[in-house]
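K.L.:
what follows is a predicted protein model with its sequence.
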Amino acid sequence: MGKTSSGWGNGFIGMLIFSGSMPATRVAVMDLDPLFLTGARAGIAGLLALCALLLLRQQFPTPSQWRSLAVVAVGVVLGFPLLTALALQQVTSAHSMVFLGMLPLSTAIFGVLRDGERPRPSFWFFSLLGSALVMGFAAAQGLSASWRGDLLMLLAIAVCGMGYAEGAKLSRALGGWQVISWALVLSLPAMLVLAVVQWPANLAAVGAPAWLGLAYVSLFSMLIGFMFWYRGLAQGGIAAVGQLQLLQPFFGLALAASLLHEAVSPGMVGVTLAVILCVIGAKKFAQPALATAR
């Protein structure tokens, strides 16, 4: 019971840290190029992760674990940060929170595909309904003006779910914080090159808020948050602790409204609630299949 409670506590802290990612990224891309932001955040986090792995003398992953770490890196080190940074040049962080309501569902789908399970038809009903709500909301907001941002957010949610599912499975054998640390180290050379190539031409033009946003996504979103999140998944169970993702849009909307003074319409809140209900329904019908297989 103590271990389960610790898992929920660690998972909640990780989810809370991730809730600040969209507002911080939104602030950063106002002055920084998305490619530089992607390389810099992963480069900074990767250097810190490398130091931790060396100081604590962690054993190197096996070849098969390196392959899984590559999937994690593509999903959460490169794909999600880059796609969301590009999207947040065209949509507000409050708008992006609606899409985050689909993240638990994306994680569940990739978990199902990864384990070869066959959920009941009810699972796919809730999955399609949630997707339809998101796309309907995007269309109502004026899809012609922000369709690129919406498409980028959908792709970001897909690759992040892939990275979450792969990392959660790998954390059982490798350890929670080690998964994100090795994934960052694997990506480090490419991310450092990307940061150098996309280095801002005029550093003086970059405001303090952008640097603070970069610092947050580098230290917290890219490294510390994952340490708590993957540890929570390992301690409390992937299916159970993963439910905490459902709270992320609410905290993110609150941060967007309070820190960035972005408008949070009743429609955004309503759609977010509806999507979360769909995710709860989908997870309810997916869990028995997973539990039976185990």
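P.N.:
Done, it's in. Numbers count the residues shown, from 1 in each chain.

K.L.:
remind me which residues of the stretch 101-250 of the chain are low pLDDT?
P.N.:
115-119, 135, 138-139, 141-145, 237-240, 242-243 (pLDDT under 70).

K.L.:
now do the helices in it.
P.N.:
103-115, 121-140, 143-174, 176-197, 208-216, 225-236, 238-241, 248-259 (DSSP state H, counting those that start in this stretch).

K.L.:
got the angle between the longest one and helix 103-115?
P.N.:
Angle, helix 143-174 to helix 103-115, by axes from the mean of the first three to the mean of the last three CA atoms, to 10 degrees: 50 degrees.

K.L.:
between helix 121-140 and helix 143-174, find me the angle.
P.N.:
Using the same axes, to 10 degrees: helix 143-174 against helix 121-140 is 140 degrees.

K.L.:
please identify the most buried of the helices of the stretch 101-250 of the chain.
P.N.:
helix 225-236 (a mean of 25; mean count of other CB atoms under 10 Å). Placement of C-beta: from N, CA and C, glycine included.

K.L.:
report all helices and strands that it contacts.
P.N.:
In terms of contacts (3 or more CB pairs under 8 Å, 6 or more residues apart in numbering; DSSP states H and E), helix 225-236 is packed against helix 2-19, helix 143-174, helix 176-197, helix 238-241.

K.L.:
what's the offset of the second one from the middle of its chain?
P.N.:
Spelled out, that is helix 143-174. For helix 143-174, the separation from the chain centroid amounts to 7 Å (computed by CA atoms, centre = their mean, to the nearest Å).

K.L.:
name the helices or strands packed onto that helix?
P.N.:
By 3+ CB pairs under 8 Å, 6+ apart, helix 143-174 packs against helix 63-72, helix 80-87, helix 93-100, helix 103-115, helix 121-140, helix 176-197, helix 225-236.

K.L.:
will you turn these into JSON lines that also has distance to Ala158?
P.N.:
As requested, the helices and strands packed on helix 143-174 are exported to JSON lines (distance: least, CB to CB, whole Å):
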{"stretch": "helix 63-72", "distance to Ala158": "13"}
{"stretch": "helix 80-87", "distance to Ala158": "9"}
{"stretch": "helix 93-100", "distance to Ala158": "10"}
{"stretch": "helix 103-115", "distance to Ala158": "6"}
{"stretch": "helix 121-140", "distance to Ala158": "11"}
{"stretch": "helix 176-197", "distance to Ala158": "18"}
{"stretch": "helix 225-236", "distance to Ala158": "19"}
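
K.L.:
now Trp199. Nearest residue, chain neighbours left out?
P.N.:
Counting by CB to CB, 6 or more residues apart in numbering, Phe36 is the residue found nearest to Trp199 once chain neighbours are left out, at 6.5 Å.

K.L.:
out of the helices of the stretch 101-250 of the chain, nearest to Phe285?
P.N.:
Nearest to Phe285, of all those, is helix 121-140, at 4.2 Å by CB to CB.

K.L.:
residue contacts, Phe250?
P.N.:
Applying CB atoms under 8 Å, 6 or more residues apart in numbering to Phe250 gives the contacts Thr272.

K.L.:
swap the cut-off to 10 Å and go again
P.N.:
Each residue near Phe250 by CB atoms under 10 Å, 6 or more residues apart in numbering is listed here: Ser19, Met97, Leu100, Gly101, Val269, Thr272, Leu273, Ile276.

K.L.:
quick one: buried ones out of those residues?
P.N.:
For those, a burial check counting by 16 or more other CB atoms under 10 Å picks out Ser19, Met97, Leu100, Gly101, Val269, Thr272, Ile276.
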